[in-house]
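K.L.:
got a sequence here, can you build the structure:
(2 chains)
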Number of protein chains: 2
Amino acid sequence: MKTFKNVAILGVGLIGGSIGLALRGRGLAQNVVGIGRRQESLRTARRVGAVTQTTVNLEKGVAEAELVVVCTPVGRIVEDVRRVAECCPAETLITDAGSTKQSIVEQLDEGLPRGCRFLGGHPLAGGEKTGPAHASNDLFHGRVTVLTPTKNTQAKDYDLLEQFWIQLGSMVIRMSADEHDRMIAVTSHMPHAVSVALAASLTEDCFRLAGTGLLDMTRLAAGGPEIWKPIFMLNRDNVLAALRQFNQRWAALEAAIAAGDEMELERILTLAKKNRDALGS
Amino acid sequence: MKTFKNVAILGVGLIGGSIGLALRGRGLAQNVVGIGRRQESLRTARRVGAVTQTTVNLEKGVAEAELVVVCTPVGRIVEDVRRVAECCPAETLITDAGSTKQSIVEQLDEGLPRGCRFLGGHPLAGGEKTGPAHASNDLFHGRVTVLTPTKNTQAKDYDLLEQFWIQLGSMVIRMSADEHDRMIAVTSHMPHAVSVALAASLTEDCFRLAGTGLLDMTRLAAGGPEIWKPIFMLNRDNVLAALRQFNQRWAALEAAIAAGDEMELERILTLAKKNRDALGS
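P.N.:
Take a look at the predicted model:
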């Protein structure tokens, strides 16, 4: 078991807080330093036991870190990693938890000051409830974490980070950043867009007939615009391709209903059921 | 508390089975007769305790019924109610649990043989797992059931059925059949179509990056084609109107992403979150 003396987490929301809780709950880190901009989030992170100490001062926060996990919104990650690399110990490994990888990895792969290295990661976990108050020490249990090494990645860094996520309960998949972004657009960003459009299309007069299906289908839409706007912007081309993939089936379904084409309708319903059943639960 | 000596349930799937379990669990009916076409479903319904006796013979099944609940797929309900009315005791109240109401109510409101009456109902409950094996005695707890009386409905029938559903744990809303169909197209049928198109658009190579969001968004698509094809057909005009309501937001969202219009994107994300938060959990 690989244990750490000091792990710093920049951004203690749902993901950062859950990493802290999982590290502490499993006895994997002696000190977990939560770094943030808002005292309130930091207080909550301390209160729920996600971190052992907190600070708004980045320099102080990463001063003794062996590993820094940057859990800020994707639009801020590149800048945050660079700021961390300016003040953390030389040779420190820095990773992230962002939902997009290609533009982040591209910009950081050219090298960081003083021998620090960046290796991109993305734990496929989350929930519509954000913030450290909803953090959970088993958020990553049984979920997939994607790591996106490049030709510049050192094997020991990959191994360390792989072990880190496995110890938090996650399964680790290795993938290039651009493959990750193309696939995650289909499995996460496009479904999020669908949920958003669905929730935005509702009118209040119908709320009283909302059943569990509608609640499930709109749950993602409760996610914050501050998280999702940069994701859609940073992964725009892949997201647009995934939206078109949905559009094809959607148009076929609408046409089948409009035409009363029961055979085609049955074909689409059957294909959907087959895919859904294959996904598991 | 209104209790029954004999309630007959035609179609003992998830809904019919759950009605039986709830009736028996609350001591509301002495005999619950499950009527079906497949011995296997009937056996399962008996095994889980949803019914006290079963038969494939409709005439026998409804011979002593004070209330008959028809829980077959919507395309069969009109015919099934007419068959029940041919052989149940005179003056029996018959209801259903179908997801569409207008065409069913219209056809049955003209009167049934021997003083029997039909009053349409729709419990907004269910799940992607169908069949009596997944029936639950609290499936209706805290959910809404819509009743759709007409000018021909007798007050005592409405009162009886309202009490029936309230005793099963449901809240009851009274609504005209056409208002029901228009609203349920938005809150149930359209979201189902969205889930189906989403699931049908997936390709297998992406399955390993499926997260909880995708699982939630495609859960409805596991529902059986034999249930959903007739729903889309019977409520076609309202469904098409609801699909267009989704299309407007969807096109706006796609255009905002394509144009990199962050203000418009934020507006849609914020509206979606506001609606979702208003729906509750």
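
K.L.:
next, the closest residue to A:I231 other than its chain neighbours: phi, psi?
P.N.:
Nearest non-adjacent residue to A:I231, counting by CB to CB, 6 or more residues apart in numbering or on different chains: A:S99, 5.1 Å away. In this view, the C-beta of every residue, glycine as well, is placed from N, C-alpha and C. Phi and psi for A:S99, reported as degrees, to the nearest 10, are phi -80, psi -10.

K.L.:
next: the one 10 residues further on.
P.N.:
Dihedral pair for A:D109: phi -70, psi -20, per degrees, to the nearest 10.

K.L.:
isn't it up against A:F118?
P.N.:
Yes - between A:D109 and A:F118 a contact is recorded at 7.2 Å, counting by CB atoms under 8 Å.

K.L.:
quick one: which of the two has more around it?
P.N.:
A:F118 (29 against 19; other CB atoms under 10 Å in any protein chain shown).

K.L.:
please name the bridge partners of that one.
P.N.:
A:I94 (DSSP bridges).

K.L.:
so how far is A:L161 from it?
P.N.:
11 Å (CB to CB, to the nearest Å).

K.L.:
swap in A:V78?
P.N.:
For A:V78 relative to A:L161 (CB to CB), the value is 18 Å.

K.L.:
and A:R37, by the same measure?
P.N.:
For A:R37, the distance to A:L161 - CB to CB - is 25 Å.

K.L.:
tell me which of those two has more neighbours.
P.N.:
Neighbours per residue, other CB under 10 Å: of A:R37 and A:L161, the larger number sits with A:L161, 22 against 11.

K.L.:
so what's that one up against?
P.N.:
With contact taken as CB atoms under 8 Å, 6 or more residues apart in numbering or on different chains, A:L161 is in contact with A:93, A:95, A:119, A:121, A:147.

K.L.:
surely A:A90 meets A:E66?
P.N.:
No - distance between A:A90 and A:E66: 11.9 Å, which falls outside the contact criterion (CB under 8 Å).

K.L.:
helix/strand/coil for A:N31?
P.N.:
Put simply, A:N31 is strand when judged by DSSP: H, G, I helix; E, B strand; the rest coil.

K.L.:
in terms of helices and strands, where is the closest residue to it other than its chain neighbours?
P.N.:
Spatial nearest neighbour of A:N31, chain neighbours left out: A:N6 (4.5 Å); criterion: CB to CB, 6+ apart. For A:N6, the element it lies in under DSSP states H and E is strand A:4-10.

K.L.:
could you point out the helix or strand that follows that strand?
P.N.:
Immediately after strand A:4-10, counting by DSSP H and E, sits helix A:14-25.

K.L.:
hmm, who's touching that next one?
P.N.:
A:4, A:7, A:9-10, A:12, A:28-29, A:32, A:34, A:44-45, A:48-52, A:69, A:71, A:97, A:123, A:125-127, A:129-132, A:134-140, A:168-169.

K.L.:
buried residues in it, which are they?
P.N.:
For helix A:14-25, burial by neighbour count (16 or more other CB atoms under 10 Å in any protein chain shown) applies to A:14-24.

K.L.:
and A:A90 and A:E66? which has more neighbours close in?
P.N.:
Neighbours were counted for A:A90 and for A:E66 using other CB under 10 Å; A:E66 has more, 17 against 9.

K.L.:
my guess is the more buried one contacts A:V7. True?
P.N.:
Yes - the pair A:E66 and A:V7 passes the contact test of CB under 8 Å, sitting 6.8 Å apart.

K.L.:
follow-up on the earlier one: okay, now the residue nearest to A:N31: neighbour count?
P.N.:
Neighbour tally, A:N6, other CB under 10 Å: 19.

K.L.:
could you do A:S188 as well?
P.N.:
28.

K.L.:
what's it in contact with, if anything?
P.N.:
So A:S188 contacts A:99, A:124, B:209, B:211, B:213-214 (CB under 8 Å, 6+ apart).

K.L.:
among the residues you listed, which lie within helices?
P.N.:
B:213-214 (DSSP state H).

K.L.:
nearest to A:P230, of the contacts of A:S188?
P.N.:
Among those, A:S99 lies closest to A:P230 (CB to CB), at 9.2 Å.

K.L.:
ok, the closest one - contacts?
P.N.:
Contacts of A:S99 (CB under 8 Å, 6+ apart): A:74, A:122, A:184, A:188-189, A:231, A:235.

K.L.:
and if you look at A:W250?
P.N.:
Contacts of A:W250 (CB under 8 Å, 6+ apart): B:194, B:197, B:201.

K.L.:
surely the first one touches B:F246?
P.N.:
Looking back up the chat, that one is B:V194. Yes - checked against CB under 8 Å, the pair B:V194 and B:F246 is within contact range at 6.5 Å.

K.L.:
ok, the two, which is more surrounded?
P.N.:
B:V194 (28 against 22).

K.L.:
so the more buried one: helix, strand or coil?
P.N.:
B:V194 - assigned by three-state DSSP - is helix.

K.L.:
what's near enough to touch it?
P.N.:
A:194, A:198, A:217, A:250, B:246.

K.L.:
again, 10 Å this time
P.N.:
Residues near B:V194 by CB atoms under 10 Å, 6 or more residues apart in numbering or on different chains: A:191, A:194-195, A:197-198, A:201, A:217, A:246, A:250, A:253, B:217-218, B:220-221, B:242-243, B:246, B:250.

K.L.:
returning to what we had before: can you pull the residues that touch both of A:F118 and A:L161?
P.N.:
In contact with both A:F118 and A:L161: A:93, A:95, A:153, using CB under 10 Å, 6+ apart.

K.L.:
can you give me the strands in the stretch 151-281 of chain A?
P.N.:
Taking DSSP state E, counting those that start in this stretch, the strands of the stretch 151-281 of chain A run over residues A:171-174.

K.L.:
A:L42: what's it in contact with?
P.N.:
A:12, A:34-36, A:50-51, A:53-56, A:132.

K.L.:
which one of those residues is nearest to A:A85?
P.N.:
A:I35 (14.1 Å).

K.L.:
domain-wise, how is chain A divided?
P.N.:
A:4-175, A:180-279 (automatic domain parsing).

K.L.:
can you put these in CSV and add mean pLDDT and distance to B:G260?
P.N.:
Listed next are these as CSV, based on pLDDT from 0 to 100; distance: least, CB to CB, whole Å:
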stretch, mean pLDDT, distance to B:G260
domain A:4-175, 96, 13
domain A:180-279, 96, 6
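
K.L.:
now these as JSON lines including distance to B:L265?
P.N.:
Below are the domains of chain A laid out as JSON lines (distance: least, CB to CB, whole Å):
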{"stretch": "domain A:4-175", "distance to B:L265": "13"}
{"stretch": "domain A:180-279", "distance to B:L265": "5"}
